[in-house]
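K.L.:
3D, please:
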Amino acid sequence: MARFATGVTVVTYTDGDPDGDGDPRGATMNSFTSVSADPPLVLISVARRARCHDQLIGRPFCVNVLGAEQEPLARLFAGSRGIAEPSWVPDARIPRLHNPLAWFECEPWRSYNCGDHTLVVGRVTDLGHRDGDALTYAWSRFGTTVQSTDGIEHLI
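P.N.:
Down below sits the predicted model:
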C-alpha cells in the first residue's frame with residue numbers, strides 16, 4: 001500500500017461531549033475519499049488502536065486537506081511533538097485548521113467495523129478551498145503535487 005500515492009489530511013474534532021464542548025484535537029489520516037454527491041458524503045478510515053478512535057466515532061468532524069507547506073502539521077498530528085503549533089479558525093462550528101488546501105465539515109452519518117479499522121462516513125455540511133500545491137504521501141514519505149496552471153484546453 002505504500003506505493004499508492006495519497007493526499008494528506010488532518011481530521012479535527014473536539015475531545016469533549018458530542019455537542020462540541022471540549023478542546024480541539026486532530027489526527028493525520030491519508031485514507032479519505034468522496035463517497036456520494038447526493039447526499040454529499042465522505043469517508044475516513046480510523047484505526048481502532050488510534051488514540052482518536054473512541055473520541056471521533058459518532059461526532060462531528062472536519063477533514064482538512066493539507067497544502068504542501070503544511071507538512072509540519074501532518075507530522076504534529078501524527079505524533080511528533082514540538083515541530084509545529086496548530087492555528088485554529090476562531091469560532092468554527094467544528095475545530096478547523098487555519099488555511100488548509102480544502103476543508104469539509106461533516107456530521108456523522110454511518111460507521112462500519114472493518115477489520116482493525118472503523119470506516120466513518122460523514123455528511124458534508126460546509127466546505128471551502130484555496131489554490132496551492134498539495135501535500136502527498138507515498139513510499140512512506142511526504143511529497144508534493146504541484147497545482148497545474150493548465151486545464152484541459154490541450155485536449156480540445
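K.L.:
what about residue 94, which SS state?
P.N.:
Following DSSP: H, G, I helix; E, B strand; the rest coil, the label given to residue 94 is coil.
K.L.:
quick one: contacts for it?
P.N.:
12, 13, 14, 20, 60, 61, 62, 105, 106 (C-beta atoms under 8 Å, 6 or more residues apart in numbering). In this view, the C-beta of every residue, glycine as well, is placed from N, C-alpha and C.
K.L.:
ok, now residue 106?
P.N.:
By C-beta under 8 Å, 6+ apart, the contact list for residue 106 reads 42, 60, 61, 62, 63, 94, 122, 123, 124, 125.
K.L.:
Ok, residue 107 next?
P.N.:
The contact partners of residue 107, by C-beta under 8 Å, 6+ apart, come to 60, 122, 123, 125.
K.L.:
who wins for most neighbours among those?
P.N.:
Within the contacts of residue 107, neighbour counts (other C-beta atoms under 10 Å) peak at residue 122, which reaches 25 neighbours.
K.L.:
shaky segments in this structure?
P.N.:
Along the chain, segments meeting pLDDT under 70 span 17-20, 149-156.
K.L.:
Leaving out chain neighbours, which residue sits closest to residue 24?
P.N.:
Nearest residue to residue 24, sequence neighbours excluded (C-beta to C-beta, 6 or more residues apart in numbering): residue 95, at 3.4 Å.
K.L.:
Does the one you found touch residue 62 like I think?
P.N.:
Yes - counting by C-beta atoms under 8 Å, residue 95 touches residue 62, with 6.5 Å between them.
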